[in-house]
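**Q** take a look and give me a structure for this.
(one chain, ligands or ions: 1)
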Amino acid sequence: MAGYDYDLFVIGGGSGGVRAARVAASLGKRVAIAEEIRYGGTCVIRGCVPKKLYVYASQFPEHFADAAGYGWTVPEASFDWPTLVANKDKEIARLEAIYKKNVEGAGGQAFHSRAVLVDPHSVYLVAEDRTVSADQILIATGGRPAPHPALSGHEHCIFSNEAFDLKELPKAIMIEGGGYIAVEFANIFHGLGVDTTLVYRGQEILSRFDMDLRRSLHETMEKKGIRILCHSISEWVRKNPAGRLDVLLSGGQTLTVDQVMLAIGRIPNTENMGLEGVGVELGKTGAIVVDQYSRTSIDNIWAIGDVTHRVQLTPVAIHEAMCFIETVFKGNPTSPDHDTIPTAVFSQPEIGTVGLSEDEAVKRFADIEIYRASFRPMRHTLSGRDEKMLMKLVVDGTTRKVLGAHILGPDAGEMAQLLGIPLKAGLTKDDFDRTMAVHPTAAEELVTMYKPTYRVKNGERV
Ligand code: NDP
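**A** Numbering: from 1, shown residues only. As a prediction, the model looks like this:
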């Protein structure tokens with residue numbers, strides 16, 4: 001090991017890579033990390049963090065409107081997009097510096113360079129024009145928005161990356177896709193006053209979530225004024241003489257908008273980095289194939305996070321980084337646990353969810369109990385906002401184990417984090433029933449739904 005420059009070389013300075021580099025360095029290992037663009041990666045620079053800041057920004061018009069019922073008079077509000085973008089930039093620059101400092105503070109060396117594998121133990125640093133060697137190499141280069149070359153006029157479209165830094169806020173936008181990013185950005189743009197149309201190819205938005213949440217969110221978004229067109233895809237995008245974009249949809253309808261944003265999934269960053277040359281196996285989508293310990297087809301090369309195409313979530317990449325450390329540097333082989341991952345969609349209202357949807361549970365279990373409550377949250381009584389909150393527990397009727405918990409409404413993401421614990425622990429509905437409510441909260445509903453709303457036996461609702 002002493003023959004190498006480093007014990008560990010990490011390629012990619014996002015959430016997963018930085019965590020692995022920092023922890024390995026703090027264990028006394030000789031560590032270096034290379035990041036080509038900005039430390040912090042997708043989550044900090046062009047994903048979760050700026051997204052959540054924009055979600056907050058987009059919620060103010062509703063807060064202003066809701067204030068009247070509580071006795072407040074709010075003078076006419078106005079919004080300045082460049083101020084939001086500049087303040088977001090300041091915050092992510094602060095976080096970026098912290099990410100880099102954390103690695104260096106632990107004793108690691110942080111490079112600003114593209115890194116290309118030369119052989120299983122050597123990495124060429126493009127910006128430095130030199131090659132360094134390492135005993136172990138970890139690839140954590142993440143992913144990027146999937147392009148859509150089949151769409152005629154795709155060169156006129158933007159992706160989430162560009163959406164954060166538009167020179168000006170469009171008057172009208174069309175967003176293609178029905179996943180996390182499309183839905184979150186549709187709500188952001190609408191909240192900021194943009195005429196927003198969401199175009200989704202399937203039957204209902206958010207295909208991997210519980211159908212009750214999907215339908216209720218769809219309904220609420222439409223009530224707010226977001227146009228949602230399901231069973232629809234764009235056929236072409238053309239720039240018109242006025243400089244706006246015309247879009248022809250599969251149903252024959254034409255839209256004229258200022259921006260078209262594509263949010264049709266993300267692909268791994270694995271090109272032109274020497275992977276094929278050293279024999280690292282890639283899957284069909286270009287993602288790195290890894291075993292249960294995140295080891296690639298080359299013994300001393302490992303990969304974590306979105307580049308592996310397991311589950312594309314920041315906390316998952318961080319968890320995989322910690323398992324990698326246990327396996328490689330602590331002599332404790334640990335495989336990441338991808339079961340029962342809580343998640344949130346920062347739509348408006350928000351989705352928080354963990355475990356099986358009703359449809360998934362029905363496929364796997366013969367007897368399912370559904371506990372479901374739909375109510376107006378207390379906050380909306382005086383505000384007068386006509387928006388319901390939805391809570392749903394999916395329970396195995398035989399063992400009473402809670403298999404899924406699904407929430408639509410304010411703070412659903414926060415609740416999903418806490419619900420992740422009892423579901424991960426395999427607790428039963430009786431444990432929920434024995435838990436004292438916190439009053440007055442919306443979450444108390446989760447422990448006070450005593451009778452099933454309905455059961456599903458062998459696929460039949462009874
Ligand atoms: P998703 O996989 O969530 O959704 C992609 C959407 O695009 C789906 O609705 C899919 O339809 C649709 N689609 C795919 N290909 C096409 C096509 N050729 N034409 C039209 N529509 C198409 O991806 P996102 O881009 O929204 O997000 C990427 C990942 O990032 C997510 O999976 C998530 O893991 C992560 N993320 C997490 C967030 C969070 O935790 N809050 C926020 C943002 C992203 P269909 O349903 O029919 O397949």
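
**Q** which SSE is residue 9 in?
**A** strand 6-11 (DSSP states H and E).

**Q** given that strand, what are its sheet partners and their directions?
**A** Here the strand partners of strand 6-11, with direction, are listed using DSSP bridges: strand 31-35 (parallel), strand 130-139 (parallel).

**Q** could you look over those strands and pick the most buried one?
**A** Highest mean neighbour count among these (mean count of other CB atoms under 10 Å): strand 31-35, with a mean of 27. Where C-beta positions appear, they are placed from N, C-alpha and C, glycine not excepted.

**Q** give me the contact list for that one.
**A** 5-14, 17-18, 21, 24-25, 41, 103, 106-115, 123, 125, 132, 134 (CB atoms under 8 Å, 6 or more residues apart in numbering).

**Q** of these, just the buried ones, PyMOL syntax please.
**A** Typed into PyMOL, the line below selects the buried ones among those, using 16 or more other CB atoms under 10 Å:
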select buried, resi 5+6+7+8+9+10+11+12+13+14+17+18+21+24+25+41+103+106+108+109+110+111+113+114+115+123+125+132+134
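
**Q** quick one: name the residues of the stretch 151-300 of the chain near the ligand.
**A** Applying CB under 6 Å from any ligand atom, one finds that the stretch 151-300 of the chain approaches the ligand through 176-182, 184, 200-202, 207, 233, 263-266.

**Q** restricted to strands, list those residues.
**A** 176, 266 (DSSP state E).

**Q** which non-adjacent residue is nearest the residue of the stretch 351-462 of the chain found nearest the ligand?
**A** Nearest to the ligand in the stretch 351-462 of the chain, going by CB to the nearest ligand atom, is residue 413, at a distance of 7.9 Å. Of all residues beyond its chain neighbours, the one nearest residue 413 is residue 344 (3.1 Å), with distances taken as CB to CB, 6 or more residues apart in numbering.

**Q** the strand or helix carrying that neighbour pairs with which strands, parallel or anti?
**A** Under the criterion DSSP H and E, the helix or strand holding residue 344 is strand 343-345. Neighbouring strands of strand 343-345 in its sheet, by DSSP bridges, are strand 351-355 (antiparallel).

**Q** just the CA coordinates for whatever helix or strand comes next after the partner strand, please, in PDB.
**A** Reading on from strand 351-355 to the C-terminus, the next helix or strand found by DSSP H and E is helix 358-364. The C-alpha coordinates for helix 358-364 follow below in PDB (Å, rounded to 0.1, in the frame of the first residue of the first chain):
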ATOM      1  CA  GLU A 358     -51.600   0.000  -1.500                       C
ATOM      2  CA  ASP A 359     -51.200  -1.500  -5.000                       C
ATOM      3  CA  GLU A 360     -47.800  -3.000  -4.200                       C
ATOM      4  CA  ALA A 361     -49.000  -4.400  -0.900                       C
ATOM      5  CA  VAL A 362     -52.100  -6.000  -2.500                       C
ATOM      6  CA  LYS A 363     -49.800  -7.800  -5.000                       C
ATOM      7  CA  ARG A 364     -47.700  -9.300  -2.200                       C
END
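
**Q** ramachandran coordinates for residue 17?
**A** Main-chain torsions, residue 17, degrees, to the nearest 10: phi -60, psi -40.

**Q** ok, what's across the strand from the residue nearest to residue 413?
**A** For residue 344, the residues forming beta bridges with it (DSSP bridges) are residue 352.

**Q** point me to the residue of the stretch 51-200 of the chain nearest the ligand.
**A** Closest to the ligand within the stretch 51-200 of the chain is residue 179: 2.0 Å, counting by CB to the nearest ligand atom.

**Q** report the contact partners of that residue.
**A** Residues near residue 179 by CB under 8 Å, 6+ apart: 206, 207, 263, 264, 265.

**Q** helix, strand, or coil at the nearest residue to residue 204 once chain neighbours are set aside?
**A** Spatially, and ignoring its direct neighbours in sequence, residue 204 is nearest to residue 214 (4.8 Å; CB to CB, 6+ apart). On the three-state scheme (DSSP: H, G, I helix; E, B strand; the rest coil), residue 214 is labelled helix.
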